[in-house]
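>>> predicted model follows, preceded by the sequence.
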Amino acid sequence: MLDVNALKAQDLQGLSQSAMVELATEMLARIAAMNTLLQARDKQAAEHAQEIKFKDTKLERITHELARLKAWKFGAKTERMNAGQRQMFEETAAEDEASLQAQLLALQGTSEPSTSPAAGTKRQPRRQPLPEHLRRVEHRHEPENTTCTSPGCGRAMVRIGEDVSERLDIVPAEFFVQRHVRGKWACKCCQLLVQEPVEPQIIDKGMPTSGLLAHTLVSRFVDHLPYYRQEQINARAGVHTPRSTLAAWSGAAGASLQPLYDAHRAFVLGAQVLHADETPVRMLDPGAGKTTKAYIWAYARGEHNCTPGVIYDFCAGRGAKYPMAFLQGWCGTITCDDYKAYDAVLRTEGRKEAGCLAHARRKFDELAKAHASPVAAQAIQRMAALYRIEQQAREMTAADRLALRQLHAQPLWDELHVWLRLERTRVADGGGIAAALDYSLKRWEALGRFLHDGDVSIDNNHVERMMRPWAMGRKAWLFCGSELAGQRAAMVMSLVQSAKLHGHDPWGYVKDVLERLQAHPNHRIDELLPHRWSPAEDGKMPSHEEH
């Protein structure tokens, strides 16, 4: 083998033809290797530049949101709001600010907030000491090795003191204090200090543990308790937690759940069959001193899917652009009602529409209850026979369910179609029964989708049940304080409602997830999703494959 590096120009004259060929081959190989290395470096540089650009864009957006929030906070005409609206605005402002600050610190790569107060901000109230009557659970943290590790020393260290931090925790119906004592060990000879590090927390140097944060989130988004009521409940135990503090805790905890929400969204949209629905909620407009109408959009995996899940999306409106943006890149069958916004969603290639027979039945049911038409009662009876077959097929596999439908439901469906068309010729235009018949006939193909796919449901009741928590919440908190607050509510509700679908206790799930998130690898975030989660044992996470 020739040494290319050792060759000089005059040496080339004495080389044979075979040696020259060997030399040229080796040089070409080196050039190819160098080109490959340069291409890899160029690709790495491009990816790094793209990452920097993404972070800069996100920083700009968060900074803009913070500036707008402060403008609202200190420039809003609060006299135009009533007492309830002003309270909701103040709570939401504290919650939003804590969430944005947490995202900003995460992007900047630091866990310490700025100590210099922003211009015009109010002085933060001094934190009250934790009540002495609360039960203390003490945790001792000592180094595994208390022998001096300095070169040539090896002497035993002497305990010279300890640092004590207290964090407020809660179990249902009981507050107690998590007391962490980290011993400090030093070598008097080498002046070496050894102490166990502080574990990462959702709120750095804050008072609440993950258990208390989970309790606050679950009380707010599962039990629908406004912060002022939580403040009163906590006060009965002798614990002072102002509503602004509770709002700030929720904002920071909600920001930490964002990566898990994104992973959960990808999981839900991984299903080939989805249910979709939307419901209105009120949102406070601080500049106008009144509320505006916003919407919660829900997307649930198919009712017959063995791994259920639901994702909520808070939007400022009800237009087609919102589901189109959320479902970008998704293909499959979507079960929905006759709302026109879904027409644009379904124009994308690879998507099919499945109708909701419950909506069609509801139109006949309203007429039957009013005794407005005998045809309505007959329609309900015919549809009831189809639902009885669906009840038998509920626990079957998709293939068996489809076979049962084609054997027993298809003849009834064809007979219903003939009967509906006949009755439509017998009723006058413009009446209620004519509208009910027209609705079913116009959507006949979509309503019959369940007869061609065993994974498709006969109606959209599955996702409508997922909307009940929002209906209950509307009665308790009346309106959302801002668009950011609505998005945070949708994020937390997506995770806790999906956890309930899998039989998990919402508090236990959120508490465990908040504890793990700070040290959990990002590439294994799927392990914390509701369908794969189980309580940690000895620090290990059992892995469950998605079916």
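Nice, I can see it. Residues are numbered from 1 along each chain as shown.

>>> mind listing what's buried in stretch 305-313?
Neighbour-count burial for stretch 305-313, counted by 16 or more other C-beta atoms under 10 Å, picks out 305, 307, 308, 309, 310, 311, 312, 313. C-beta here means a position set from N, CA and C on the backbone, and glycine is covered the same way.

>>> other residues contacting it?
Applying C-beta atoms under 8 Å, 6 or more residues apart in numbering, the contact partners of stretch 305-313 are 264-265, 267-269, 271, 273, 296-301, 322, 326, 455, 463, 466, 470, 490-491, 493-494, 497-498, 501-502, 530-531, 546-547.

>>> kindly recompute the last result at 7 Å.
264-265, 267-268, 271, 273, 296-301, 322, 326, 466, 490, 493-494, 497-498, 501, 530-531, 546-547 (C-beta atoms under 7 Å, 6 or more residues apart in numbering).

>>> still on that earlier bit, next step: the buried residues of stretch 305-313 restricted to helices.
Of these, none are assigned to helices by DSSP state H.

>>> thinking again about what came up before, give me the buried subset of the contacts of stretch 305-313.
Applying 16+ other C-beta under 10 Å to the contacts of stretch 305-313 flags 264-265, 267-268, 271, 273, 296-301, 322, 326, 466, 490, 493-494, 497-498, 501, 530-531 as buried.

>>> and residue 279, that's in a strand?
Yes. Assessed by DSSP: H, G, I helix; E, B strand; the rest coil, residue 279 belongs to a strand.

>>> give me the distance between it and residue 359.
15 Å (C-beta to C-beta, to the nearest Å).

>>> quick one: the helix ranked longest in the chain to chain centroid distance?
Longest helix of the chain, by residue count under DSSP H: helix 17-75. Centre-to-centre, helix 17-75 and its host chain are 30 Å apart (C-alpha atoms, centre = their mean, to the nearest Å).

>>> next: stretch 192-203.
On C-alpha atoms, centre = their mean, the centre of stretch 192-203 falls 29 Å from the chain's centre.

>>> list the buried residues in it.
Within stretch 192-203, judged by 16+ other C-beta under 10 Å, the buried ones are 194, 195, 196, 201, 202, 203.

>>> can you tell me which of the contacts of stretch 305-313 are in helices?
Reading helices off the contacts of stretch 305-313 with DSSP H, I get 264-265, 267-268, 322, 326, 466, 490, 493-494, 497-498, 501.

>>> quick one: low-confidence parts of the stretch 1-150 of the chain?
Across the stretch 1-150 of the chain, the ranges flagged by pLDDT under 70 are 1-16, 68-90, 109-126.

>>> elements contacting the host helix or strand of residue 388?
Counting by DSSP states H and E, the element that carries residue 388 is helix 374-393. Under the contact definition 3 or more C-beta pairs under 7 Å, 6 or more residues apart in numbering; DSSP states H and E, helix 374-393 sits against helix 357-369, helix 398-404, helix 410-426, helix 432-442.

>>> now these as CSV including distance to residue 218?
Shown next, in CSV, are the helices and strands packed on helix 374-393 (distance: least, C-beta to C-beta, whole Å):
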stretch, distance to residue 218
helix 357-369, 31
helix 398-404, 35
helix 410-426, 44
helix 432-442, 40
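
>>> the bottom helix or strand of the chain by mean pLDDT?
When the helices and strands of the chain are scored by mean pLDDT, DSSP states H and E, helix 83-108 comes last with a mean of 71.

>>> which is the next helix or strand following that helix?
Where DSSP H and E defines the elements, the next helix or strand beyond helix 83-108 is strand 135-141.

>>> where's that next one relative to the chain centroid, distance-wise?
That offset, for strand 135-141, works out to 33 Å (C-alpha atoms, centre = their mean).

>>> not counting it itself, show me its contacts.
Outside strand 135-141, the residues that reach it (C-beta under 7 Å, 6+ apart) are 176, 177, 178, 179, 180, 181, 182, 183, 196.

>>> let me know the secondary structure of the fourth one.
Translated: residue 179. Following three-state DSSP, we place residue 179 in the strand state.

>>> so what's the residue nearest the centre of the chain up against?
Centroid check for the chain by C-alpha atoms, centre = their mean gives residue 261 as the closest residue, at 2.3 Å. Residues in contact with residue 261 (C-beta under 7 Å, 6+ apart) are 491, 494, 495.

>>> residue 214: which of those residues is nearest?
Nearest to residue 214 out of the contacts of residue 261 is residue 495 (C-beta to C-beta; 11.0 Å).

>>> so that closest one makes contact with residue 265?
No. Checked against C-beta atoms under 7 Å, the pair residue 495 and residue 265 is beyond contact range at 10.7 Å.

>>> between the buried residues of stretch 305-313, which is nearest residue 165?
Comparing the buried residues of stretch 305-313 against residue 165 with C-beta to C-beta places residue 312 closest, at 36.4 Å.

>>> now the closest one: how far from residue 278?
10 Å.

>>> now the common contact residues for those two.
Common neighbours of residue 312 and residue 278 (C-beta under 7 Å, 6+ apart) are residue 296.

>>> returning to that earlier point: looking at the buried residues of stretch 305-313, which are in strands?
Counting by DSSP state E, the part of the buried residues of stretch 305-313 found in strands is 310, 311, 312, 313.

>>> which one of these is nearest to residue 524?
residue 311 (20.4 Å).

>>> tell me where the model's unsure across the protein.
Within the chain, the stretches with pLDDT under 70 are 1-16, 68-90, 109-126, 286-289, 477-479, 536-547.

>>> residues of stretch 227-242 that come out buried?
Residues of stretch 227-242 classed as buried: 227, 229, 230, 231, 234, 239, 241, 242 (neighbour count, 16+ other C-beta under 10 Å).

>>> possible to save those residues as CSV with secondary structure?
Shown next, in CSV, are these (three-state DSSP):
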residue, secondary structure
227, helix
229, helix
230, helix
231, helix
234, helix
239, coil
241, coil
242, coil
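
>>> alright, calling it a day.
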